[in-house]
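quick one: sequence and predicted model below, then my questions.
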Amino acid sequence: MSAFGLQSLIQSATIGDTVDLKSICQTLELKIRMEENSQDLCKICENDDKQIIIWLNKTLDQKTKFTFVAIAVADYILDPERVSRHGVIYDMFFLRDLSANKATKLIMLATRLAIPEHIIEKLSNALEAQFSKAEDIEPFDADAYVRNAKYLPEFVRCAIKESTSMFLIDNLKNKFEH
């Protein structure tokens, strides 16, 4: 999948002010399973049948589950070979460092798999408006959006404007290409 293909996938899953992450998982043939007795909060790996599975600890709240799925899907898109060979495990320390890692390809892609670009633009503009006297910025209740999102607030706040993030994502050498 090229960067254009990735953008098309995200756009095709965008409905209004949301991105249908379940649709993206189905397109990429990723399965999501709950695990009851796991020490891990989330892991993505290949099972014995060569299917990629995102395992979520059943005790997690909904926002944390959605956040981990977005991050795991992004990890798979960025490095499917690592996911297939070794798997990736996420813990609470990973979540604690989200803000510090918001400029990484992983988090930039994960936020785009979760939040439509036009909302990311509005979130960024609302933040800029708090620190400037710009009159031309459209009013947007960023706090309400963050509060009502299906994802952890600290994850939603990691969204970076397109001009910055899409440059890096567009320059990504996608490992899905043959």
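It's in.

from here on, contacts and neighbour counts on C-alpha atoms
Fine.

and the residue at minimal distance from the centre of the chain, how close does it get to Leu41?
By C-alpha atoms, centre = their mean, the chain has its centre lying nearest to Ala110, at 2.0 Å. Using C-alpha to C-alpha, to the nearest Å, Ala110 is found at 17 Å from Leu41.

one more: Tyr76?
Taking C-alpha to C-alpha, one finds Tyr76 at 17 Å from Leu41.

next: Tyr90.
The gap separating Tyr90 from Leu41 is 6 Å, by C-alpha to C-alpha.

equivalent analysis for Phe93, please.
Counting by C-alpha to C-alpha, the separation of Phe93 from Leu41 is 11 Å.

neighbour count winner among the two?
Under the criterion of other C-alpha atoms under 10 Å, the comparison of Phe93 against Leu41 puts Leu41 first, with 19 against 8.

ok, now which ones touch the nearest residue to that one once chain neighbours are set aside?
Among residues not flanking Leu41 along the chain, Asn57 sits closest, at 4.9 Å (C-alpha to C-alpha, 6 or more residues apart in numbering). Applying C-alpha atoms under 8 Å, 6 or more residues apart in numbering to Asn57 gives the contacts 34-42.

among the residues you listed, which one has the most neighbours?
Greatest neighbour count in the contacts of Asn57, by other C-alpha under 10 Å, goes to Cys42: 26 neighbours.

bridging residues for it?
Per DSSP bridges, the residues bridged to Cys42 are Leu56, Tyr90.

buried sites along stretch 18-28?
18-25 (16 or more other C-alpha atoms under 10 Å).

apologies, that question was intended for stretch 5-16.
For stretch 5-16, by 16+ other C-alpha under 10 Å, it's 6-7, 9-11, 13-14.

in contact with Ala149, which residues?
Residues near Ala149 by C-alpha under 8 Å, 6+ apart: Val156.

same thing but at 10 Å, please
Going by C-alpha atoms under 10 Å, 6 or more residues apart in numbering, Ala149 touches 17-18, 63, 66, 114-115, 143, 156.

again, but for Ile107
Contact analysis of Ile107 by C-alpha under 10 Å, 6+ apart lists 70-71, 74-75, 98-99, 101, 113, 155, 158-160, 165.

quick one: contacts for Arg85?
Arg85 sits next to 45-46 when contact means C-alpha under 10 Å, 6+ apart.

quick revisit: restricted to helices, list the contacts of Ala149.
Residues from the contacts of Ala149 lying in helices, with DSSP state H as the criterion: 63, 66, 114, 143, 156.
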